[in-house]
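*Asks:* just coords:
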C-alpha cells in the first residue's frame, strides 16, 4: 500500500490509542537489522497472486472449522496453534510475535512462510525470536525502508487481509473473525481483552475500507 494512502489511517490510529510513531520506527530499525539478505518476497507473491486466499483469525469460531478449505492459507499469529493441533501448517503466518511462539517456530520449520511485524511494543520479542526463523519477510506500520515492507493493516488479522489484497488475491475468505461478537477465543492470547476489543473496531473498519476499494472479501460462517 502506498504510504501516503496508509498514513492518514495510521495517524488516526496513533492518535486514538496514544501510540508513538517514533517507537514504531525504532522497532522497524531493530527488525531491519535482523532481516535475511533476500527476504522471500517472490515466494509470498506466488502463494497469493490470482489465488483464493483463506484468512484465519484467532476468534472462537475458528474452533468450529472441521475441514480446511482449498486455497492459500494466511493465519493471524495465535491461529497457528489451531493448525498445529490439527496436524497441519498454514502457508503464511502474519505475526507480531505474541502468539504461541513454539508453534510458530515449528510451523516455519515445516514450511510456513513467516511475515514478522514490528511495532513500538514488541522490540524485546523481535530480538528474541526473529533469529529463530529460517527466513521471513519483515513489515512495519510506519513508512517502509530498506528490505522492510508496509502492506497496510493494524492487527494481525486485518494485516492478513491487507497482505492478500496487496499481492492480488482473486478472492479473500475470512474465517475465525466475527466483529459482531468480539469474544476472545482460546487462541487469541490477549493480555488486555478490553484493548483488543477496541482494536477490533479498527480492524473491521480497515477491512471495510479495502472492500470499498474493490477488494473481493467475504466473511465465512462455519459450524
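*Replies:* Structure's in. What do you need? The structure displayed is predicted, hence computed values, not measured ones. Residues are numbered from 1 along each chain as shown.
*Asks:* Over to residue 218. Which of the three states is it?
*Replies:* strand (DSSP: H, G, I helix; E, B strand; the rest coil).
*Asks:* ok, now how distant is it from residue 155?
*Replies:* 19 Å (C-beta to C-beta, to the nearest Å). Heads up, the C-betas are built off the backbone N, CA and C, glycines and all.
*Asks:* Settle it for me: which of those two has more neighbours?
*Replies:* Applying other C-beta atoms under 10 Å to residue 218 and residue 155 shows that residue 155 carries more neighbours, namely 21 against 9.
*Asks:* Burial check on the closest residue to residue 150 other than its chain neighbours, number of neighbours?
*Replies:* Closest residue in space to residue 150, ignoring its immediate chain neighbours: residue 144 at 4.2 Å, by C-beta to C-beta, 6 or more residues apart in numbering. A count of neighbours around residue 144, defined by other C-beta under 10 Å, yields 18.
*Asks:* now for the helix or strand of the chain with the lowest mean pLDDT, which elements pack on it?
*Replies:* Within the chain, no helix or strand scores below helix 193-212, which has a mean of 92 by mean pLDDT, DSSP states H and E. Helix 193-212 is packed against helix 3-17, helix 156-166, strand 217-219, with contacts defined by 3 or more C-beta pairs under 8 Å, 6 or more residues apart in numbering; DSSP states H and E.
*Asks:* Tell me what angle the longest one forms with helix 193-212.
*Replies:* Per axes from the mean of the first three to the mean of the last three C-alpha atoms, to 10 degrees, the angle that helix 3-17 makes with helix 193-212 is 150 degrees.
*Asks:* re the thing from before, just name the most buried of the helices and strands packed on helix 193-212.
*Replies:* Mean neighbours per residue, mean count of other C-beta atoms under 10 Å, is largest over the helices and strands packed on helix 193-212 for helix 156-166, with a mean of 27.
*Asks:* So for the least confident helix or strand of the chain, what gets flagged as buried?
*Replies:* By 16 or more other C-beta atoms under 10 Å, the buried positions in helix 193-212 come out as 196, 199, 200, 202, 203, 204, 206, 207, 210.
*Asks:* ok, now stretch 72-87?
*Replies:* For stretch 72-87, by 16+ other C-beta under 10 Å, it's 72-84.
*Asks:* So which of these belong to strands?
*Replies:* 72, 73, 74, 75, 76 (DSSP state E).
*Asks:* which of the residues you listed has the weakest pLDDT?
*Replies:* Lowest pLDDT within these is found at residue 76 (95).
*Asks:* Correct me if wrong: that one contacts residue 55.
*Replies:* Yes: contact criterion C-beta atoms under 8 Å: residue 76 and residue 55 qualify, at 7.5 Å.
*Asks:* Can you pull the residues that touch both of these two?
*Replies:* Residues touching both residue 76 and residue 55 by C-beta atoms under 8 Å, 6 or more residues apart in numbering: 157, 160.
*Asks:* Tell me where this structure is predicted with low confidence.
*Replies:* 181-185, 189-191, 222-223 (pLDDT under 70).
*Asks:* in it, which spans are helices?
*Replies:* 3-17, 21-34, 41-48, 80-85, 101-109, 123-129, 156-166, 193-212 (DSSP state H).
*Asks:* Can I get those helices in CSV including distance to residue 117?
*Replies:* Converted to CSV, the helices of the chain look like this (distance: least, C-beta to C-beta, whole Å):
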stretch, distance to residue 117
helix 3-17, 13
helix 21-34, 8
helix 41-48, 14
helix 80-85, 14
helix 101-109, 12
helix 123-129, 9
helix 156-166, 7
helix 193-212, 14
